[in-house]
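> Structural data only, the sequence is not supplied:
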C-alpha cells in the first residue's frame, strides 16, 4: 500500500511540473504555508495563559506586600502624632507596578 501511495505521489508531482501553471500552484502553496505559520504564532499567547496568570499573581503579591509596608509605616507615623491614639490605615492602589523603560 505504501508503494502504491508513493507512486501516486510521484505521478502527481510529474503532472504538476508539466503543468502550465506550476509556478502559480507553487506560489499559492507557499502563501498558504506562510499564512498557517503566521496564524499559528498568533494563537500561542492564548495557550500560555497559565504563565501569564503566574506573573500576574506574583505582581499582585508584590503589590500586596508593598501596600502592607506602606500601611504599617503610615500607622506608625500617625500613631506618634499627639492626640491621635491608636490609628488604623488602609491603602488601596489604583494600579499595580508600572515599569518605565529608558528610551533614547
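Perfect, thanks for sending it. Quick caveat: nothing in here was measured; it's all calculated off a predicted structure.
> hey, let's count contacts and neighbours off CA atoms from now on
Fine.
> Secondary structure element holding residue 78?
According to DSSP states H and E, residue 78 maps onto helix 49-79.
> same deal with residue 12?
Taking DSSP H and E as the definition, residue 12 sits inside helix 2-18.
> roughly how far out does that helix sit from the chain middle?
43 Å (C-alpha atoms, centre = their mean, to the nearest Å).
> Show me the contact partners of it.
With contact meaning C-alpha atoms under 8 Å, 6 or more residues apart in numbering, helix 2-18 is reached by residue 22.
> Pass me the low-pLDDT residue ranges in this structure, would you?
1-2, 44-60, 96-97 (pLDDT under 70).
> Could you figure out how far the helix or strand just after the helix holding residue 12 is turned away from helix 2-18?
Toward the C-terminus, helix 2-18 is succeeded by helix 22-47 as the next helix or strand (DSSP H and E). Counting by axes from the mean of the first three to the mean of the last three C-alpha atoms, to 10 degrees, helix 22-47 points 120 degrees away from the direction of helix 2-18.
> Show me what helix 22-47 is packed against.
Using 3 or more C-alpha pairs under 8 Å, 6 or more residues apart in numbering; DSSP states H and E, no helix or strand is in contact with helix 22-47.
> Show me how this protein divides into domains.
Using automatic domain parsing, the domains assigned to the chain come out as 2-47, 63-104.
> Could you report the separation of residue 36 from residue 23?
Computed as C-alpha to C-alpha, to the nearest Å, the residue 36 to residue 23 distance reads 20 Å.
> follow-up on the earlier one: pipe the domains of the chain into JSON lines and attach mean neighbour count per row.
Below are the domains of the chain laid out as JSON lines (neighbours: other C-alpha atoms under 10 Å):
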{"stretch": "domain 2-47", "mean neighbour count": "11"}
{"stretch": "domain 63-104", "mean neighbour count": "11"}
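> Is residue 91 in a helix, a strand, or coil?
Assigned with DSSP: H, G, I helix; E, B strand; the rest coil, residue 91 falls in the coil class.
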